[in-house]
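> Have a look at this prediction, sequence included:
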Amino acid sequence: MIALSPYLAALLLAAAVAVTWAARLWPTRPSPAAIRTDASAVWRACHTTRCAHLTTRHDETPAGLVCRSCGTVNGGAA
Ligand SMILES: [Zn+2]
C-alpha cells in the first residue's frame, strides 16, 4: 500500500472539493417543456397498494374518477 503524505492527502481532498463545487456551479440543462398530457386526464392521488399514494392520471366517468393504473374509483368527479 502506498502511504500518502499529509500534504498530498490534503491536496487530493481540496481537488475533490473543487471539482464538486465546479460541477454544482455549472449551468444545468434547461428543463424540458411541459409534459403533454391529454386534456381529459385528471391527476389525483391514488391510495391503493399498487399505486402507493402516488398521483396518477384518472379518467372522469359517471361513477367518478377512475385511476388509469389500477382502475380504482377515487371519489366523485373533479
Ligand atoms: Zn391507482
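Looks like it arrived, so ask away. A quick note: this is a predicted structure, and the numbers were derived from the prediction, not measured. Numbers count the residues shown, from 1 in each chain.

> Next up, the contacts around A15.
Residues counted as contacts of A15 (C-beta atoms under 8 Å, 6 or more residues apart in numbering): none. Any C-beta I mention is one placed from the backbone N, CA and C, and that applies to glycine too.

> and the strand or helix carrying it, how far out from the chain's middle?
Assessed by DSSP states H and E, A15 sits inside helix 6-25. When C-alpha coordinates are averaged (C-alpha atoms, centre = their mean, to the nearest Å), helix 6-25 and its chain have centres 29 Å apart.

> for stretch 39-53, same thing?
The chain centroid and the centroid of stretch 39-53 are separated by 16 Å under C-alpha atoms, centre = their mean.

> got a list of contacts for it?
Against stretch 39-53 from outside (C-beta under 8 Å, 6+ apart): 37, 54-60, 65, 67-70, 72, 74-75, 78.

> Point out where this protein drops to low pLDDT.
1-2, 26-37, 77-78 (pLDDT under 70).

> ok, now with 50
Scanning the chain for pLDDT under 50 picks out 33-36.
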